[in-house]
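In: Predicted structure and sequence below. I'll ask about it afterward.
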Amino acid sequence: MLLQPTLQNDFVILAPLKESDFEVLYKVASDPLVWEQHPNKNRYQQEVFQTYFEGAIQSKGAFLVRDIQTKDVIGCTRFYDYNERDNSILIGYTFLGRSHWGGKHNPSMKKLMIEYAFTFVDKVLFHIGANNIRSQTAIQRIGAKKIGEESIAYHGETNNLNFIYCIEKTS
């Protein structure tokens with residue numbers, strides 16, 4: 001499974017994240033309200049965001065997300081933890097700028113990623129912070145079901161309680 005294909009639809013284009021994307025992505029991430037429900041609320045700080053960004057680059061599965069109409073950078077997401085034995089992959093580490101909350105961008109981005117993933121796996125999983133009600137609601141709207149809870153340490157960060165959601169491929 002290629003973890004960084006270029007994917008696009010009528011709302012977003014997902015392109016492989018590159019080291020040179022740091023500044024343009026940090027402009028979106030520097031808004032404290034983007035992180036207010038996230039387990040690491042300080043990611044708007046440049047040095048904390050740098051750790052997130054380094055993890056994204058190292059994952060070799062991260063995407064720079066652009067609005068297809070304006071070509072503006074609106075966020076980031078990634079594939080990670082491909083599990084051949086379990087026939088699953090995770091989608092996460094996602095954030096979008098507030099200008100793109102509550103519309104078609106997040107669900108269409110997830111749909112692109114899920115449809116692509118289902119050509120290789122039968123299950124797509126999501127880790128979502130226990131207090132991130134906004135993301136929990138968004139993932140439930142696209143059909144994900146909560147299947148568990150786990151303490152998870154994001155790249156370079158401390159453990160935090162996350163809910164695990166799943167969408168399974170239907171024939």
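Out: Yes, it's here.

In: Which stretches in this protein count as strands?
Out: With DSSP state E as the criterion, the chain has strands at 7-8, 12-16, 62-67, 73-83, 88-96, 123-129, 145-153, 159-168.

In: Just the buried residues of the last one, please?
Out: Yep, that's strand 159-168 we're talking about. The neighbour-count criterion (16 or more other C-beta atoms under 10 Å) identifies Asn160, Asn162, Phe163, Ile164, Tyr165, Cys166, Ile167 as the buried residues of strand 159-168. Where C-beta positions appear, they are placed from N, C-alpha and C, glycine not excepted.

In: How much space separates the residue nearest to Tyr93 when sequence neighbours are not counted from Gln69?
Out: When the adjacent residues along the chain are set aside, Tyr93 lies closest to Arg78, with 5.0 Å between them (C-beta to C-beta, 6 or more residues apart in numbering). Distance of Arg78 to Gln69, given as C-beta to C-beta, to the nearest Å: 23 Å.

In: quick one, which of those two is more surrounded?
Out: Arg78 (21 against 9; other C-beta atoms under 10 Å).

In: Specify the beta-bridge partners of the more buried one.
Out: Legend: beta-bridge partners of Arg78 under DSSP bridges are Ala62, Gly92.

In: contacting residues around it?
Out: By C-beta atoms under 8 Å, 6 or more residues apart in numbering, the contact list for Arg78 reads Leu17, Ala56, Ser59, Gly61, Ala62, Phe63, Ile91, Gly92, Tyr93, Thr94.

In: Any figure for the gap between Leu96 and Leu25?
Out: The spacing between Leu96 and Leu25, counted by C-beta to C-beta, is 11 Å.

In: Ok, which of the strands of the chain comes nearest Gln37?
Out: Nearest to Gln37 among the strands of the chain is strand 123-129 (6.8 Å), distances taken as C-beta to C-beta.

In: for that closest one, packing partners?
Out: The helices and strands touching strand 123-129, judged by 3 or more C-beta pairs under 8 Å, 6 or more residues apart in numbering; DSSP states H and E, are strand 88-96, helix 105-117, helix 133-141, strand 159-168.
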